[in-house]
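In: fold the following.
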Amino acid sequence: MTAFLKRLCAACACAFLLAAPAAAQQGGNTIDDTLYRELGGQEGIRKIIDDFKLIIMDDARINASFKDVDIAHLKKRLAEQFCALAGGPCKYGGKDMTLIHADLGITVAQFNALTEDLQQALDRNGIPYRVQNRLIAKLAPMQREIVTK
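Out: You can find the predicted model right below:
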């Protein structure tokens, strides 16, 4: 098993055990924004997405899949999605993952390549592995909605 898959499996299996959440009370609802803060908030997520885009465009395994994509729109939606999943104040305004990816024929290998690229972007931004694993654990279930081939 590759180091990447070991990290992904560990993240999925241990997502709730990796760190105790620091929750804040707002209007009677408990909001856990720990991951959001550990990613550097909106500015940190923006930097991660900027690097992620550059890495994807240099990745010969998947860059052809993005040739007709509105990259500015993709970056905006990814930033919203990461922010919302991490407990930040953002709302994801994009379409359903299944709908967006239905006709793209994305393989497990392509999904894994994209995940590896994300890990590189997180590394470039000094995000600790335990924080990376928590984000990836939140994104990993999307594989069922994205991989269609």
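In: okay, buried residues for stretch 135-149 please.
Out: For stretch 135-149, a neighbour-count test (16 or more other C-beta atoms under 10 Å) marks 135-140, 143, 146-147 as buried. Using the backbone N, CA and C atoms, a C-beta is placed for each residue, glycine as well.
In: ok, of the residues you listed, which one's closest to residue 44?
Out: residue 135 (11.3 Å; C-beta to C-beta).
In: contacts only, for that closest one.
Out: By C-beta atoms under 8 Å, 6 or more residues apart in numbering, the contact list for residue 135 reads 35, 39, 82, 85-86, 122, 127.
In: same thing but 7 Å
Out: 35, 39, 86 (C-beta atoms under 7 Å, 6 or more residues apart in numbering).
In: could you export the residues you listed as a markdown table, including secondary structure?
Out: Output for the contacts of residue 135, formatted as a markdown table (DSSP: H, G, I helix; E, B strand; the rest coil):
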| residue | secondary structure |
| --- | --- |
| 35 | helix |
| 39 | coil |
| 86 | coil |
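In: closest one to residue 59 out of these, please.
Out: residue 39 (21.6 Å).
In: could you measure the closest one against residue 101, distance?
Out: Relative to residue 101, residue 39 is positioned 24 Å away (C-beta to C-beta, to the nearest Å).
In: with residue 91 instead?
Out: Distance from residue 91 to residue 101, by C-beta to C-beta: 20 Å.
In: more neighbours, these two?
Out: Legend: neighbour count by other C-beta atoms under 10 Å for residue 91 and residue 101, higher for residue 101 (17 against 9).
In: what about residue 78, how many neighbours?
Out: There are 19 residues near residue 78, going by other C-beta under 10 Å.
In: would you map the strands across this protein?
Out: Along the chain, counting by DSSP state E, strands occupy 23-26, 29-32.
In: worst average pLDDT in these?
Out: Lowest mean pLDDT within the strands of the chain: strand 23-26, a mean of 38.
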